[in-house]
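>>> sharing a model that was predicted from the sequence below.
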Amino acid sequence: MRVINFNGNIQSENVPAIHSWNRAFRYGDGLFESIAVAKKSIPFLDDHWNRLKSGAELLSLELPADFTRAFLQNKILEILSLNSIDGNACARVMLYREGRGRYNPDEMQAGFVIEAEPLDELFGLNKKGLAIGLYTDVYKPIDQLSNFKTCSSLVYVLASIHKSKSGWDDCLILNSRSNICDSTNSNVFLVKNGELHTPSLNEGCISGVMRKQVIAFAKKSGFTVNETAIKTDMLRLADEAFLTNAVSGIKWVGSCGSKQYKNEVSATLSASLHAFVP
């Protein structure tokens, strides 16, 4: 039985933690971070903290006075220890607005939940390429919220249901301009003639922590990286495609429909990423 940290209290994950008036439950009034932990070391914690803090500011969530980067690090490692997780893990941190009210909240104070689960492998490159497709039933809006992982995640839920029904490993979500935005849980990269192309942040994609690292690794390795609008036609023309996620790392795409992809660049970047992690 695992335990979680609910507003500073350690309790079983099976004990109800919210009331019916909880604003995250009622309105999706909150945001979250999924954070990889590599044997009690937290890679890229600064990036996770900065995104979490920036998202809280955007949502006008007032963090508790002691909720600092150091506090977050300590509580993540504590919850791993309490759950006897000694190896790799995925920690999930959720912030939500406390209090009641309808759309207009009666307070701005943030509550939090910290939980974790073990991972067999961290940042390993998949041996078999993913089969992906396009999700076109619902489009993701482009606005200030688009770059953050908010609790209002219906487009990702519906896209995930669609990919399961279609027998795909993942599917790509389009933005309100009909350009490629994200996958169900990752940022998207295409490779053409040795150059990397990925949706820019003003295309509404998540400002991914792993996205940032991969762009940096690619540039250090001599690759050109274009952050731009990605039309769906580029899937047909690309030599390679891969997805990036803060917990799973780099996952290469083997096919989209009848189109087949190589995995040379993704393998190179994955090796750089793996060498970085203790």
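Looks like it arrived, so ask away.
>>> residues contacting residue 179?
199, 203, 229-232 (CB atoms under 8 Å, 6 or more residues apart in numbering). In short, each C-beta sits where N, CA and C put it, glycine included.
>>> dump those residues to JSON lines, plus pLDDT, secondary structure and neighbour count.
Shown next, in JSON lines, are the contacts of residue 179 (pLDDT from 0 to 100; DSSP: H, G, I helix; E, B strand; the rest coil; neighbours: other CB atoms under 10 Å):
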{"residue": "199", "pLDDT": "98", "secondary structure": "strand", "neighbour count": "24"}
{"residue": "203", "pLDDT": "98", "secondary structure": "helix", "neighbour count": "22"}
{"residue": "229", "pLDDT": "98", "secondary structure": "coil", "neighbour count": "16"}
{"residue": "230", "pLDDT": "98", "secondary structure": "coil", "neighbour count": "25"}
{"residue": "231", "pLDDT": "97", "secondary structure": "coil", "neighbour count": "14"}
{"residue": "232", "pLDDT": "97", "secondary structure": "coil", "neighbour count": "14"}
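>>> and which of those is nearest residue 273?
residue 199 (19.9 Å; CB to CB).
>>> and for that closest one, nearest residue in space, chain neighbours not counted?
residue 205 (4.4 Å; CB to CB, 6 or more residues apart in numbering).
>>> which residues are in contact with the one you found?
Counting by CB under 8 Å, 6+ apart, residue 205 has contacts 146-147, 175, 181-182, 187-188, 198-199, 211.
>>> switch the cut-off to 6 Å
181-182, 187, 199 (CB atoms under 6 Å, 6 or more residues apart in numbering).
>>> cool, residue 67 as well?
Taking CB under 6 Å, 6+ apart as the definition, residue 67 has no contacts.
>>> cool, residue 209 as well?
So residue 209 contacts 44, 47-48, 246 (CB under 6 Å, 6+ apart).
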